[in-house]
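Enquirer: Here's my sequence, what's the structure:
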Amino acid sequence: QVQLVESGGGLVQAGERLTLTCVASGSTFRGGPMAWYRQPPGKERELVAAITRDSSIEYNDVVKGRFTVSRNNGNNEVKVFLQMNNLQPEDTAVYFCNAGYYTDRYHPVYWGQGTQVTVSS
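Expert: As a prediction, the model looks like this:
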């Protein structure tokens, strides 16, 4: 069993920053690749950034240069962070933490409950 708990969402104005945190734990969690997804209102869920255990990273092109993903590998849990700078109204979405795996691309498996990020203009 894997538990993912997100925090750090909120309401900000355009140009401001937020940092999201995800704490991953559980009896079957092995500390592998993790990712942040987001789902804007009325749209499909999309990959924001993914990070492997040794911190190889990929970003969605729309957030490159503004968002930074990082992780802290602990003994019993992993923390994954998403620092979001220069937020814009189009970044408004529910942001989800995910634990998954890679083949030729990232595959999501376990989901957190999501945290709302709202950016006002």
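
Enquirer: can you tell me which strand in this structure is longest?
Expert: The longest strand of the chain (DSSP state E) is strand 93-102.

Enquirer: list the buried ones in that one?
Expert: For strand 93-102, the neighbour count (16 or more other CB atoms under 10 Å) marks 93-99 as buried. From N, CA and C alone the C-beta is placed, and that goes for glycine too.

Enquirer: low-scoring pLDDT stretches of the protein, where are they?
Expert: For the chain, applying pLDDT under 70 flags no range at all.

Enquirer: quick one: contacts for the closest residue in space to T52 that isn't next to it in sequence?
Expert: Nearest residue to T52, sequence neighbours excluded (CB to CB, 6 or more residues apart in numbering): P33, at 4.8 Å. Contacts for P33 (CB atoms under 8 Å, 6 or more residues apart in numbering) come out as 50-53, 99-102, 106.

Enquirer: can you pull out the helices in this protein?
Expert: With helices called from DSSP state H, the chain shows none.

Enquirer: The residue nearest the centre of the chain bridge partners, please.
Expert: In the chain, the residue lying closest to the centroid (CA atoms, centre = their mean) is W36, at 2.3 Å. Applying DSSP bridges to W36 gives these bridge partners: A49, C97.

Enquirer: Correct me if wrong: it contacts R45.
Expert: No. Between W36 and R45 there is no contact under CB atoms under 8 Å: 10.8 Å.
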